[in-house]
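Undergrad: I would like the atomic coordinates for the input below:
(2 chains)
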Amino acid sequence: MKKITLLLMLVFVSIFGFSLQVNAQTNYPSYTYDYWRTPLPGVSPYRVKQVVLGTSINISLPDDPETANKTLKYVEDLFVTEDHYYIVDLQSQKIIITDKSFNVEKIIRDIPEYDETDTLINTYTLVRPRGIYVTEEYIYVVDENDLTNGYVYVISHDGEFVARYGRPDNPTYNAVVFKPNKIVVDRAGRMYIVVVGAFDGIVELQRDGTFSRFVGVQPVQVNPLDLLWRSFLSREQLSTVRLFLPVEYNAMSIDNEGFIYATSSGTSSAPIQRINPKGMDVLRKNGYVDPIGDVVRMPDQVRSGLTSISVNDYGMYSVLDRSNKKIFTYNDEGYLAYVTGFEGEFEGNFLFPTAIKYDHENLVVADSTDSRTIITIFEPTAFGSLVNEASKLTYDGESIDASAVWEDILVMNSNYSLAYVGIGHAYYRERMYKEAMDAYQLGQDRENYSKAYKEYRKIRFEANFPLVATFIGLIIAFSLAYPIIKDLTKKE
Amino acid sequence: MRRLTLTRQQVNQVAVSIKHALSYFYEHFIKFPFYVLTHPIDGFYEMKHEHRGLLRVATFYILLHGILGILEYNYTGFIFNTINPNTFRMFRSIVVALVPYMIFVVANWSITSLMDGKGKLKEIYMVVGYAFFPSVFLRILNLFLSNYFTMDEAFFYHAIQAVGFGLTILMIFMGIRSIHEYSVMRALSTVFLSFVSMLVIVFIGLLAIGLAQQIAVFITTIIKELTLRL
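TA: Numbers count the residues shown, from 1 in each chain, chains lettered A, B, ... in the order given. Reported below is the predicted structural model:
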């Protein structure tokens, strides 16, 4: 009897001990949507690796006693390079450059300008820095300044002034104010700037700072009921009603090929766009649900408000949903890979997430309220890294290698329909069409199923062609011969 | 062990009765509905005045129309089968397929009897039943074809479906016009009014159900209360 109780206790301890360990890693649910837009619970793809408190980052400037003992206040934007973090602190008006373990290396507030003879001409001061982008050559910072005349600063890596661009002097740019909010720079040095109040799209500046054009335009959303209501209003009344304006962009990211990924919150029908060099939206939407954040809302849930985006080397992009405090990750085909994140004050949860950036496989998320600033670094769990690996292999065209990874993913989460599609791709590549069809059917991918079936049907038809041809020939022969046979039998 | 032995005569009898059944089925379930489909004016006239239609044929096609939803759920090819198995309900599928038409029959009857239509309830019912013939036939065809179509041929699938539905609507309209002996404009207006009265019927139906529920709850609470007190 004693032995049995001991055994039972051992079993209980091992079960609960194990489950406790699992719970400690993830304190938020993860899910994906299936073909019928049903959210299915999934395995958590990311876990907290490190939480950096804003109060642990000292941002005091040695030559300014006013800033003594000041710490990071409000992270508005982030940038991650190979060995540095660039943090935009909106409230203390600084750019903080730290190494990978968050030791402050440099703080930019005043930007000195020197002429050729190294004499100081002028010093510019950041007022309301909003966004940052870093290339090998320069640091680009957008500053709202006095909320009417913002500037784009180009700063060298030594912190010296290189150039400053104000409101574009071009008749196409018709907004009164210039409130630059976020910036990305492509390989050729062209600057793409999201400007608050510019409804024509993203401002593109040439390398030398001259305005070239607007890229990417949000479709205007018109509500038929509104339109009807408007037709009854007088001109005076109309002037007080809100205009139909396209939704503004609010964040950007740029991939290796120079495509800009831009998000917009609010009522846009295309809240995530992938803007090609021509300025058109070419986001792929092959997934079960469109990349718009949550497609099914719980009764108390608000519409997804996407506020930040980051794209990695193999076309996966993560979007921050500020309204619901979630991170949505899509792969290059537009499939929702996983959702993570949850509102709350526990580690790994968010209160008011402001920026997200990929650091290789890790995700760096800034969460800032007036009272609390946290930068959380997430690392992929076993499941998350498998999904990333499989997506990377598929992106590189190695769908056959990816198949084995998808199999491993299915062991962890059999709800994960995308894995079946991946396995289907592998079978298709190996010309095993029947198996591909079965896999696509499990993954509810009708288009690829159709492709596989087309090949399968062709093979089946070709294999059975003699039989089919004989059968058809016999029918034709019989129908031709039937009247003759009938005649002959009648005569007798 | 007894052997089941059939005499030659018995075999013949069975063969003859099968042949009879088949020819009966062909005559009434295929040939005449097809005749009505191809000659709607003559067909519905003969149905009304020469009593060529059968009630059981109409019922057969109406039931088939109801059951086809389930067959489609089970046997449509994967590419065209987008029914969610988690929310599919057999009984609901039948009800959803049939109730609108049945309400239409009642609504049309109630409207046309006020607007001196010559048709009886039975005749309206038969019109609807025979009208399902092309739709049911093409849906069965589609059920078969959908297993051999790819997405490139999706057009044909949807075209067949649309033609089936269109023919059914057309036949209902022609039939209504014919059995009530209406002009086209009058038939159109009665059909429109039928839709209005369908809404009224649905409204009253929901009201009645709601009230019945209230009464049921009321009675059960009284019983509960009494059992608790006594």
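Undergrad: Excluding chain neighbours, give the residue nearest to whichever residue of chain B sits closest to chain A in space.
TA: The minimum distance from chain B to chain A, using CB to the nearest CB, falls at residue B:151 (3.8 Å). In short, each C-beta sits where N, CA and C put it, glycine included. Excluding its sequence neighbours, the residue lying closest to residue B:151 (CB to CB, 6 or more residues apart in numbering or on different chains) is residue A:450, at 3.8 Å.
Undergrad: who's in contact with the residue of chain B closest to chain A?
TA: Shown here is residue B:151, whose contacts under the criterion CB atoms under 8 Å, 6 or more residues apart in numbering or on different chains are A:446-447, A:450, B:79.
Undergrad: In a strand, residue A:401, correct?
TA: No. Remark: residue A:401 does not belong to a strand; assigned using DSSP: H, G, I helix; E, B strand; the rest coil, it is helix.
Undergrad: quick one on the thing from earlier: ok, the residue nearest to residue B:151 touching residue B:150?
TA: Yes. The criterion here is CB atoms under 8 Å, and residue A:450 meets it with residue B:150 at 4.5 Å.
Undergrad: anything in contact with each of those two?
TA: What both residue A:450 and residue B:150 touch, as defined by CB under 8 Å, 6+ apart, is the set residue B:79.
Undergrad: Number of residues surrounding the residue nearest to residue B:151?
TA: Residues within reach of residue A:450, counting by other CB atoms under 10 Å in any protein chain shown, total 21.
Undergrad: Now the residue of chain B closest to chain A. Its backbone dihedrals?
TA: The phi/psi pair for residue B:151 (degrees, to the nearest 10) reads phi -70, psi -20.
Undergrad: Model confidence at it, what's the number?
TA: Reading off the confidence values, residue B:151 has pLDDT 92.
Undergrad: do the same with the one 10 residues further on
TA: What the model reports as pLDDT for residue B:161 is 94.
Undergrad: Which secondary structure state is assigned to it?
TA: Three-state assignment for residue B:161 (three-state DSSP): helix.
Undergrad: got a list of what it touches?
TA: For residue B:161, the set of contacting residues under the criterion of CB under 8 Å, 6+ apart consists of B:138-139, B:142.
Undergrad: So residue A:291 lies in a strand, does it not?
TA: No. Read with three-state DSSP, residue A:291 is coil and lies in no strand.
Undergrad: Roughly how far does it sit from residue B:105?
TA: Remark: distance between residue A:291 and residue B:105 (CB to CB, to the nearest Å) = 47 Å.
Undergrad: Save the contacts of residue B:161 as CSV, and put in neighbour count, secondary structure and distance to chain A too.
TA: CSV is the format used below for the contacts of residue B:161 (neighbours: other CB atoms under 10 Å in any protein chain shown; DSSP: H, G, I helix; E, B strand; the rest coil; distance: CB to the nearest CB, whole Å):
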residue, neighbour count, secondary structure, distance to chain A
B:138, 20, helix, 22
B:139, 22, helix, 20
B:142, 23, helix, 16
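Undergrad: Where does pLDDT dip in chain A?
TA: Counting by pLDDT under 70, chain A contains low-confidence residues at A:1-28, A:218-219, A:221, A:242-244, A:491-492.
Undergrad: Spell out which parts of chain B neighbour chain A.
TA: If contact is defined as CB under 8 Å from any CB of the partner chain, the residues of chain B in contact with chain A are B:78-79, B:82, B:84, B:86-87, B:148, B:150-152.
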